[in-house]
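1. this is a predicted model, with the sequence first.
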Amino acid sequence: MFVRGYLRASTSEQDAHRARESLEAFANDHGLQVAAWYVENESGASLARPELFRLLRDAQPGDVLLCEQVDRLSRLSTSDWERLKAQIAARQIRVVALDLPTSWIMATTHADDFTARMFQAINSMMLDMLAAVARKDYEDRRRRQAQGQAKAKAEGRYKGRAENVARNASIATMLAKGLSWSQIEDAVGCSRATIAKIAKRAA
């Protein structure tokens, strides 16, 4: 059994590594060691998350996907969450989240079969509930933002997010030199969505 740590932040301006210390402390407290880290800056509302799916490809049956909170794994719509759950189940991966105590027993192989199955059923139900709450929170925040922007536009105050001109110029230069998107991500610390926008603009 390998423990695979998953760290996610929504934008390149946020620190995806922020929760690593908490995950390492949890692993130490439970006699575990994180064998690999998967870190990305992508929206939890999207299935387009390369590192999450690299984790799924790397994982073997019985491995643990360790994350800080369920919303780090999913702010997905119901249909997308069902697709992700199906892939996790097909690979027999155990999801353990620090904000979901019922999942903690999944991090150990010491439970008897009956106890393990009971906690797996409870954990699955709780995962669904927290994923639904995370999605609602995402939709509520989007609605509030849209309302705030509409009001600001009506009052002539809305200017939108200022473009990071220097960063985007660097991305354009690296694209022109033929660097890969992964190399640019590492060098600049931006999301793939940002690179795609600059690439489209330069096309």
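-> Done, it's in.

2. contacts, neighbours, all on C-alpha from now
-> OK.

3. which strands or helices does the strand or helix carrying K151 pack on?
-> Remark: K151 resides in helix 113-154, with elements defined by DSSP states H and E. Where contact means 3 or more CA pairs under 8 Å, 6 or more residues apart in numbering; DSSP states H and E, helix 113-154 is packed against helix 70-73.

4. quick one: average pLDDT of the next helix or strand after the helix it packs on?
-> Once helix 70-73 ends, the next helix or strand along the chain (criterion: DSSP H and E) is helix 78-90. Average pLDDT, helix 78-90: 95.

5. hmm, who's touching helix 78-90?
-> Residues outside helix 78-90 that contact it (CA atoms under 8 Å, 6 or more residues apart in numbering) are 47, 56, 74, 94, 131-132.

6. mind listing what's buried along it?
-> 81, 84-85, 88 (16 or more other CA atoms under 10 Å).

7. which single one of the residues you listed is nearest to A152?
-> Checking those against A152 with CA to CA, the nearest one is W81 at 33.8 Å.

8. how is this structure carved up into domains?
-> The domain map for the chain lists 3-135, 165-202, with the assignment taken from automatic domain parsing.

9. so which of the ones you listed is the most surrounded?
-> domain 3-135 (a mean of 17; mean count of other CA atoms under 10 Å).

10. element containing A35?
-> Going by DSSP H and E, A35 is part of strand 34-41.

11. now what about the very next helix or strand once past that strand, what contacts it?
-> The first helix or strand that comes after strand 34-41 along the chain, using DSSP H and E, is helix 50-58. Residues from elsewhere that reach helix 50-58 (CA under 8 Å, 6+ apart): 4, 6, 38-40, 87-88, 91.

12. farthest-separated two in those?
-> Farthest pair in the contacts of helix 50-58 (CA to CA) is E40 and R91. Separation: 21.2 Å.

13. picking that back up, how many degrees apart are the helix holding K151 and helix 78-90 in direction?
-> 150 degrees (axes from the mean of the first three to the mean of the last three CA atoms, to 10 degrees).
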